[in-house]
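>>> sequence? don't have it. structure:
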């Protein structure tokens, strides 16, 4: 009986040569343009945040409360802009400029929940809320716990 | 012993070439605004077309494409022997639900974006083998259903890298018939089919599908020439399914290195379907891409006499989100079909 | 003046993230950036490096995600100082509670009230 030999016909050398061919023709991201828009949009979102901080400070809130209030306001605005389908248009050219501010976090919560709402309020909306936010919260929480623990241990 | 209808290693020669007697295409608004807009049979007004979800919209598009293809040939579903269809969604639901509604004996296909070519080949085999008189085939994809399954939800503000391709919202249906049942006079005939091997050149970036699939297209096209003894001069058009502009460049480069001069006659459905101003980066992709470009544009141009012989290589990337998350590379496949007008 | 500082610092943090995405492997996705920046902000905060930035740039440091990490870390440290081990566990979330609640509640409401437009 003839032995079945696996015909993995693409050798490592072929794969390596192909990788080089691809990188020769592959279009590069417009690094300077992307960086410019990320800087400008990200900066402007922070300026908007500062406007709210100042407003809340004038209304009599303490410094930390004002900052929290501003973040919450931005989260609300971002959720709304995602709902009406505008935030992804901003993200298309702003890149990290609209991902890294807290608004990007809110967008990553709303977008999957909104898109999968046809799968119901439990598995559609509620479960998908945490598709991207989940990892952020998990790593944020674990890091902060480790920091608190380290602080506690170092105190002794 | 060589099988009676096979030539060479991977190619089938149809002894009584089955005819494509009718086609119908339904596309999304973006595709309707593209350079081929006027060729498509119907452009839906928005991405939902009155349905509750994007998936239901895609299913309705596929059903419409198949029903209208039947209507154009004046046939009822009962007269069709088999339905061969597929799409990109998990468990090919669009095709399944369309088959539920049409009531035709159904074989669900998954060849990723090469599904249209797979349906054409299997349909032609069933007819030439004497197992069918009429076979209905089709494929569909939808930007909003595919993106969130394979990449990100569409409302998420992420930047698409320059190698990304835009999943075509579109469905194409075609009806294949035994030559004795086709209308008199010249028609579109399926003469050869070269079935492709799965080729994996270790590309792992889901935003670079053209590069992942190009080696498979090259492998199948070269095998087609070897098996049939034909060469590029025998064709007026060689067209790949959805390699996009980067994949097209790579494919051309590799074919030329292998000694096949195809530059003047080679193009790609994903490159044709959008205008560069439509901000799709590398062009179109998805089952619907080659389905609508072939059914609406290439077949029409053949009937007008622009091309007598066309080699269509439907390309597919055979990964799933799970395999990508697990760090697997993207295997590609391509099936080539020779379609001739005589 | 604080507005200019917020613009420059906030913009610079985003610029850094963009360069990380564009100049490194395609495997670095926006999700990696989000996770990395929150954790990174928390670590910088624990080392005492982030608070000066907040003082200098205001919203320019609190609005980007490292600011969220900073909030979590400072909460955990404060909790540990006041309530020991239990505070180390609960302090982070306590400090960030309003923000997290806002994101979940507003996110839920928008997802329920709006329909995706696609494209």
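Sure thing, it's come through. Everything quoted here is computed from the prediction, not taken from an experiment.
>>> confidence score at residue 59?
In the absence of a named chain, this looks at chain A. Looking at residue A:59, its pLDDT reads 96.
>>> my question was about chain C
97.
>>> and the nearest residue to residue B:12 once chain neighbours are set aside, how close does it get to chain A?
Nearest residue to residue B:12, sequence neighbours excluded (C-beta to C-beta, 6 or more residues apart in numbering or on different chains): residue B:193, at 4.7 Å. C-beta: built from backbone N, CA, C; applies to glycine. Distance of residue B:193 to chain A, computed by C-beta to the nearest C-beta, to the nearest Å: 21 Å.
>>> for residue B:223, same thing?
12 Å.
>>> with residue B:33 instead?
From residue B:33 to chain A the distance is 17 Å (C-beta to the nearest C-beta).
>>> that residue contacts residue B:279, correct?
No: here residue B:33 does not reach residue B:279: they are 11.9 Å apart, not a contact under C-beta atoms under 8 Å.
>>> near whatever residue of chain C ends up closest to chain B, how many other residues are there?
Minimum separation of chain C from chain B (C-beta to the nearest C-beta) falls at residue C:118, amounting to 3.9 Å. Applying other C-beta atoms under 10 Å in any protein chain shown, we find 22 residues neighbouring residue C:118.
>>> so it sits in a strand?
No: counting by DSSP: H, G, I helix; E, B strand; the rest coil, residue C:118 is not found in a strand; it is coil.
>>> what residues are up against it?
B:47, B:48, B:54, B:143, B:144, B:154 (C-beta atoms under 8 Å, 6 or more residues apart in numbering or on different chains).
>>> filter those by proximity to chain C?
Among those, the ones lying near chain C by C-beta under 8 Å from any C-beta of the partner chain are B:47, B:48, B:54, B:143, B:144, B:154.
>>> tabulate the residues you listed (JSON lines), appending distance to chain A, secondary structure and neighbour count.
Below are these laid out as JSON lines (distance: C-beta to the nearest C-beta, whole Å; DSSP: H, G, I helix; E, B strand; the rest coil; neighbours: other C-beta atoms under 10 Å in any protein chain shown):
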{"residue": "B:47", "distance to chain A": "11", "secondary structure": "coil", "neighbour count": "22"}
{"residue": "B:48", "distance to chain A": "11", "secondary structure": "coil", "neighbour count": "18"}
{"residue": "B:54", "distance to chain A": "8", "secondary structure": "helix", "neighbour count": "25"}
{"residue": "B:143", "distance to chain A": "12", "secondary structure": "helix", "neighbour count": "26"}
{"residue": "B:144", "distance to chain A": "8", "secondary structure": "helix", "neighbour count": "25"}
{"residue": "B:154", "distance to chain A": "7", "secondary structure": "coil", "neighbour count": "23"}
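>>> name the residues of chain B found near chain A, please.
So chain B meets chain A at B:52-53, B:55, B:144, B:148, B:152-163, B:197, B:199-203, B:208, B:211, B:215, B:246, B:249-250, B:253-254, B:279, B:281-282 (C-beta under 8 Å from any C-beta).
>>> I figured residue B:178 was touching residue B:20, is that so?
No: taking contacts as C-beta under 8 Å, residue B:178 lies outside contact range of residue B:20: 12.0 Å.
>>> neighbour count winner among the two?
residue B:20 (25 against 20).
>>> pick out the residue of chain A closest to chain B.
residue A:91 (2.2 Å).
>>> that residue and residue B:116: what is the separation?
32 Å (C-beta to C-beta, to the nearest Å).
>>> same question for residue A:92.
29 Å.
>>> can you give me the helices for the chain?
All of this is about chain A. A:12-25, A:31-58, A:63-83, A:87-94, A:96-99, A:102-115, A:127-128, A:130-155 (DSSP state H).
>>> right idea, wrong chain: chain C
Counting by DSSP H, residue ranges of the helices within chain C are C:2-23, C:30-46, C:50-57, C:59-62, C:65-83, C:85-113.
>>> now tabulate those in TSV and tack on mean neighbour count.
Shown next, in TSV, are those (neighbours: other C-beta atoms under 10 Å in any protein chain shown):
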stretch	mean neighbour count
helix C:2-23	22
helix C:30-46	23
helix C:50-57	18
helix C:59-62	30
helix C:65-83	26
helix C:85-113	20
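>>> make TSV out of those helices and add distance to chain A.
TSV is the format used below for the helices of chain C (distance: least, C-beta to the nearest C-beta, whole Å):
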stretch	distance to chain A
helix C:2-23	3
helix C:30-46	4
helix C:50-57	8
helix C:59-62	3
helix C:65-83	3
helix C:85-113	3
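>>> as CSV, those helices with distance to residue A:71 would be great.
Below are these laid out as CSV (distance: least, C-beta to C-beta, whole Å):
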stretch, distance to residue A:71
helix C:2-23, 13
helix C:30-46, 13
helix C:50-57, 12
helix C:59-62, 7
helix C:65-83, 8
helix C:85-113, 5
